[in-house]
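from the sequence below, what's the structure:
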Amino acid sequence: MIESSQPRKERKYRFTAPMHARQKFVHAHVSKELATKLGIKSRSLSMRKGDTVKVFAGSQKGKTGKVSEVNLKTGRVFIDGITRKNAKGKELPVPVYSSNLYLTDLDLSDKLRNSKIESLKTKKTVA
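Sure thing, here's the model as predicted:
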């Protein structure tokens with residue numbers, strides 16, 4: 001990540017970042033219950049399709065659901081059950097910023113993700 005005191009350089013980095021770097025922008029806080037259940041001290045984790053999240057800020061505050069899509073291009077997340085009607089009456093998913101969400105349950109079907117979480121358990125925190 002670029003470290004500059006100039007906001008224009010920070011914005012330029014975020015808007016022109018490659019997709020593998022944008023994955024870091026789509027992290028969400030981990031709920032306290034989930035952190036104790038998994039035994040991790042990490043504040044946030046990367047979101048994936050299938051995770052269960054709760055919205056804690058914005059117009060959709062208090063709603064929970066499963067992540068149906070993570071859009072790295074815009075940095076937004078689509079959640080099952082959070083929709084709105086368009087002018088024709090069709091239900092459309094509402095995009096939510098990842099910073100307004102926190103993880104309540106993880107999809108642990110991926111072996112690589114399980115190994116990442118195991119490494120977070122053993123990682124020593126620097127005081």
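
which residues touch the longest helix along the chain?
Taking DSSP state H as the criterion, the chain has its longest helix at helix 111-122. Outside helix 111-122, the residues that touch it by C-beta atoms under 8 Å, 6 or more residues apart in numbering are 38, 39, 40, 41, 42, 45, 48, 106, 107, 108. For every residue, glycine as well, the C-beta is placed using N, CA and C.

quick check: the fourth one is in a helix.
Just to be clear, that refers to residue 41. No. Residue 41 is assigned coil when assessed by DSSP: H, G, I helix; E, B strand; the rest coil, not a helix.

in this structure it contacts residue 35, no?
Yes. Contact criterion C-beta atoms under 8 Å: residue 41 and residue 35 qualify, at 7.2 Å.

which one's more surrounded, those two?
Legend: neighbour count by other C-beta atoms under 10 Å for residue 41 and residue 35, higher for residue 35 (17 against 12).

and what about the more buried one, helix, strand or coil?
Residue 35 is classified as helix under three-state DSSP.

how about the contacts made by it?
Per C-beta under 8 Å, 6+ apart, neighbours of residue 35: 41, 42.

check the gap between it and residue 98 for me.
The spacing between residue 35 and residue 98, counted by C-beta to C-beta, to the nearest Å, is 17 Å.

the chain: strands as residue ranges?
For the chain, the strands defined by DSSP state E occupy 27-30, 44-46, 52-55, 64-71, 76-85, 91-97, 101-105.
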